[in-house]
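# what follows is a predicted protein model with its sequence.
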Amino acid sequence: MDMVEKMREIIIDQSTDKSGGERPDLHTWDGGRLREGCYLLFEDRIFEQLVLNEYTIALMQYLLGRSMVLSTVYSHVRTKGDPALPLHTDQWTLQLSDPVSVAVANYALVDYKRDHGAFAAVPGSNHLLRRPVSPDETDVYKNPDCIPLEMSAGSVVVTAGNTWHGAYERKVRGLRLNTAVVYCRSYIQTQERIREGATQEMLDRNPARFADLMGVNNFLGFGREGPDFKKARALLSRFD
Ligand SMILES: O=C(O)CCC(=O)C(=O)O
């Protein structure tokens, strides 16, 4: 819960900064829409700890393979009056695939209840449907198979990138905050400039696995200096 509280503060700080108004109170805010939190990995070291969570990493590796990379650390900030978030899939590649190429660990930073803006999901859609949601199917209230994930702050749900999901409308005051940590296969373009933003300091203070997630152990993307194949060796050494 210490981590949850700290993440909430950092997200509210960034959202306030970008929204341009007064700092919203977590429990009482009723002042309209607020901006998202994003590029959070570079906002505070606590997110470095989060992306290395061994339980979610295990599930992510099961879904995406050992060579996965981090794509974004994002917060969907939901306030009273925000409409429901339409059902969608998170795999932004040309086609949905099974196995998937994108997956999300979505941490609830407040208690989730349906009318408080809970995460909405269609269980089994990742296996049974394996197609994007069409424009007339996006309403979370109309899909009979869509359920709210009612869970307490600090819980995490891992969804494969082809799972149909969204969020319910928030009907009460205060903020609905999450941290969505997205991982993807290494050949997919990441949502945020993770690799470009990674500093030597960040790499030095974290375990070796962190560098893999940052996408820096990869010789691709070179300039006039040419490819650095030592990085390719780092990638292959995992199989030693
Ligand atoms: O909880 C939410 O607001 C929805 C999150 C979502 O759609 C996502 O992570 O792609």
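Yep, it's here.
# mind pulling the model confidence for residue 138?
pLDDT for residue 138: 97.
# surely it meets residue 85?
No. Counting by CB atoms under 8 Å, residue 85 is not a contact partner of residue 138; they are 9.2 Å apart. For the C-beta atoms, the positions are set from N, CA and C on the backbone; glycine is no exception.
# overlap in contacts of these two?
residue 166 (CB atoms under 8 Å, 6 or more residues apart in numbering).
# how long is stretch 100-120 end to end?
Across stretch 100-120, the terminal residues are separated by 20 Å (CA to CA, to the nearest Å).
# going forward, begin numbering at 17 instead of 1
With 17 as the first residue, the last one maps to stretch 116-136.
# please see if it touches the ligand.
Yes. Judged by CB under 6 Å from any ligand atom, stretch 116-136 comes into contact with the ligand at 120, 122, 135.
# for that stretch, buried residues please.
116-126, 128-130, 132-136 (16 or more other CB atoms under 10 Å).
# is stretch 205-215 positioned near the ligand?
No. Stretch 205-215 does not reach the ligand (CB under 6 Å from any ligand atom); its nearest approach is 10.3 Å.
# alpha carbons of that stretch, as PDB, please.
Extracted in PDB, the C-alpha atoms of stretch 205-215 (Å, rounded to 0.1, in the frame of the first residue of the first chain):
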ATOM      1  CA  GLN A 205       7.100  -0.300 -31.800                       C
ATOM      2  CA  THR A 206       6.800   0.700 -28.200                       C
ATOM      3  CA  GLN A 207       4.200   3.300 -27.200                       C
ATOM      4  CA  GLU A 208       6.600   5.400 -25.300                       C
ATOM      5  CA  ARG A 209      10.300   6.300 -26.100                       C
ATOM      6  CA  ILE A 210      11.500   3.900 -23.400                       C
ATOM      7  CA  ARG A 211      14.800   2.900 -25.000                       C
ATOM      8  CA  GLU A 212      15.600   6.400 -25.900                       C
ATOM      9  CA  GLY A 213      14.800   7.700 -22.300                       C
ATOM     10  CA  ALA A 214      16.800   5.000 -20.400                       C
ATOM     11  CA  THR A 215      19.800   6.500 -18.700                       C
END
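# go through it and flag the buried ones.
206-208, 210-211, 214.
# let's see which of those end up in helices.
Mapping the buried residues of stretch 205-215 onto helices (DSSP state H) picks out 210-211.
# may I see the buried residues of stretch 205-215 organised as TSV, with pLDDT added?
Listed next are these as TSV, based on pLDDT from 0 to 100:
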residue	pLDDT
206	95
207	96
208	98
210	97
211	95
214	96
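# low-scoring stretches of the protein, by residue?
110, 249-256 (pLDDT under 70).
# helices along that one, start to end?
18-35, 62-67, 70-80, 141-144, 210-213, 216-220, 224-230, 245-252.
# reformat the ones you listed as a markdown table; add distance to residue 172.
Formatted as a markdown table, these follow (distance: least, CB to CB, whole Å):
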| stretch | distance to residue 172 |
| --- | --- |
| helix 18-35 | 11 |
| helix 62-67 | 10 |
| helix 70-80 | 6 |
| helix 141-144 | 17 |
| helix 210-213 | 20 |
| helix 216-220 | 23 |
| helix 224-230 | 17 |
| helix 245-252 | 28 |
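# so which of those is nearest residue 109?
In terms of CB to CB, the element of the helices of the chain nearest to residue 109 is helix 70-80, at 12.6 Å.
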